[in-house]
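K.L.:
What follows is a predicted protein model with its sequence.
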Amino acid sequence: MARPGELIGDKYRLVRLLEEGGMAAVWEAEQVALETRVAVKLLSVDGGWLSGSRTRFLEEARIAAGVKHRNVVQTLDFGATDDGTPFIVMELLEGESLADRVAAEAPMSVEDALALVDQILGALAAAHAVGIVHRDLKPENVLFTRDTDGSYPKLIDFGISKDLAPTRDRDPSEPGMILGTPEFMAPEQAAGLATVDHRADLYAVGIVLYEMLSGELPYEGDDPNRVRLQVLRGGAPTLRERGVDVPVGLSDAVARAMAIEPSARFEDAESMRAALRALRPGAAPPPSRRPLRIPDLDPRDPERASSRGRWTLAALAGLLLLLIPAALWVRAWIASPDPAPVAAGSADAGPSDVDGALRRADDHTIYVHLRELPDGATVSLDGEVFSAAQLASMRRGDVVEVPVPRRRGRAFTLRVAREGYEDWRMRRWTVRDFEARVVMVPILE
């Protein structure tokens, strides 16, 4: 058991206990030779020698040392005590955590929240660039420090991070192992899938931003298993639906980050960062064309006035030449008969057009491919229920084509309902394919 005043690694003297958890304890310590203060994380003797814990602790040191960014805590050293207990030495951060700030200030202003998240996304982009997924991003793992430029956040605790680098196969977690904090877990993480990648961190950023702006979590409860079930089924109200006064674009961006399907989220941390930067108050609008400047003509100048008259007549003549054929075309188009409807089931009809309805010229097509669609389930897209023939096609593994109108600023929502089960939903912000495996969660009494 470590105690104040103990010298470890022949150069770090423990000063006081800062935090203690089930796996490790964090101490304030002094680097004796340099007389500087550091943080020392010691693997707990009680739980540290459980299967995999030592390996995971060693991986945390290696992973944290490999991420170089202003907003990531700096790892300084690694070693072991005389009895073989491993420890990690990090820079000492004495500021509050983001959890403290959220508790004191939430709901936070849009400007403050987006400024903080911008720095967090920068840290994640640096980690993802070297193949590291944090997997436990939450307000408690963001600490504030201060320098001459002021206060700024740092991402800490890479204890359950996942290494995605193809040349390094050292992920200490086992398939099916569920690691992380339920309220901030991505659905694929809550399900224990082995396919967790960098987009799980983007999901967590969405949850953090949701809490910062609303003061509430989208999914919460006393039972971690129930929280995970909420995460798996999704469907949390958006910030706007919850009544939070934020721009529609920001509400949609947060909901996109929190999408159930990883493919529906932002592609990477930098793309999410760019999207949120464009939504910050005072962000520069997109560049527009410079207005055409027409020089002033002095009517008292006979030469210039004559030139203006010639130019005006030429412009009118050219415009007339353009309008005559356009008018003839419009007249012919109005007089032409409407095209005959295509009968359902005919050779020209798509095999999965809804009841043979005509696809309008301003429609797009969404391709829906749902795997393992259960019997007795109904499927709808934005409230339009799929026919029995379409459901039969999907159960056979076919792709169903659905025409949808062009629109901007609102998501398409696919919903699967079945009696006795929570609704399964999938949301897209652009016209893209809906392809997923349907996992329905029974309603708990």
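P.N.:
Yep, it's here.
K.L.:
hey, where'd the strands end up in the stretch 51-200 of the chain?
P.N.:
Remark: strands assigned in the stretch 51-200 of the chain by DSSP state E, counting those that start in this stretch are 75-80, 86-91, 132-133, 142-147, 150-155, 162-163.
K.L.:
Please identify the buried residues of the fourth one?
P.N.:
Right, the one you point to is strand 142-147. 142-145 (16 or more other CB atoms under 10 Å). For every residue, glycine as well, the C-beta is placed using N, CA and C.
K.L.:
Same check on the second one?
P.N.:
Within strand 86-91, the residues that qualify as buried are 86-90, counting by 16+ other CB under 10 Å.
K.L.:
Redo those residues as CSV? Include distance to Gln230 and pLDDT.
P.N.:
Formatted as CSV, these follow (distance: CB to CB, whole Å; pLDDT from 0 to 100):
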residue, distance to Gln230, pLDDT
Pro86, 37, 85
Phe87, 37, 89
Ile88, 34, 87
Val89, 39, 91
Met90, 34, 89
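K.L.:
what's the closest of those to Lys11?
P.N.:
Proximity of the buried residues of strand 86-91 to Lys11 (CB to CB) peaks at Val89, which lies at 9.2 Å.
K.L.:
Against Gln31, how distant is the closest one?
P.N.:
Using CB to CB, to the nearest Å, Val89 is found at 8 Å from Gln31.
K.L.:
so what sits against both of those two?
P.N.:
12, 38 (CB atoms under 8 Å, 6 or more residues apart in numbering).
K.L.:
circling back to that earlier point, go through the strands of the stretch 51-200 of the chain and find the least confident stretch.
P.N.:
The weakest mean pLDDT among those belongs to strand 162-163, with a mean of 50.
K.L.:
what's the neighbour count on the closest residue to Lys11 other than its chain neighbours?
P.N.:
Counting by CB to CB, 6 or more residues apart in numbering, Lys11 lies nearest to Val32, which is 5.5 Å off, once chain neighbours are set aside. Residues lying near Val32 (other CB atoms under 10 Å) number 12.
K.L.:
How about Gln390?
P.N.:
21.
K.L.:
Which one of the buried residues of strand 86-91 is nearest to Glu20?
P.N.:
Looking across the buried residues of strand 86-91 and measuring by CB to CB, the closest to Glu20 is Phe87, at 13.8 Å.
K.L.:
Next up, the contacts around the closest one.
P.N.:
By CB under 8 Å, 6+ apart, the neighbours of Phe87 are 8-9, 12, 40-43, 78-81.
K.L.:
Domains of the chain: list them as residue ranges, please.
P.N.:
8-91, 98-277, 354-437 (automatic domain parsing).
K.L.:
possible to save those domains as CSV with distance to Ala2?
P.N.:
Converted to CSV, the domains of the chain look like this (distance: least, CB to CB, whole Å):
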stretch, distance to Ala2
domain 8-91, 6
domain 98-277, 18
domain 354-437, 47
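K.L.:
Could you identify which of these is most buried?
P.N.:
With neighbours taken as mean count of other CB atoms under 10 Å, the domains of the chain reach their highest mean count in domain 98-277, at a mean of 19.
K.L.:
end-to-end on it?
P.N.:
Length of domain 98-277, first residue to last, CA to CA, to the nearest Å: 20 Å.
K.L.:
ditto for stretch 17-35
P.N.:
With CA to CA as the measure, stretch 17-35 spans 18 Å from end to end.
K.L.:
Can you name the residues in contact with it?
P.N.:
2, 4, 7-8, 11-16, 36-44, 47-48, 53, 57, 89, 92, 159.
K.L.:
Next: stretch 378-392.
P.N.:
If you take CB under 8 Å, 6+ apart as the criterion, stretch 378-392 is touched by 352, 354-355, 366, 368, 370, 373, 377, 394, 400, 402, 404, 412-418.
K.L.:
and if you look at stretch 148-161?
P.N.:
23-24, 56-57, 59-60, 63-64, 67, 70-73, 90, 93, 95, 98, 116, 119-120, 123-124, 127, 132-137, 141-146, 173, 179-180.
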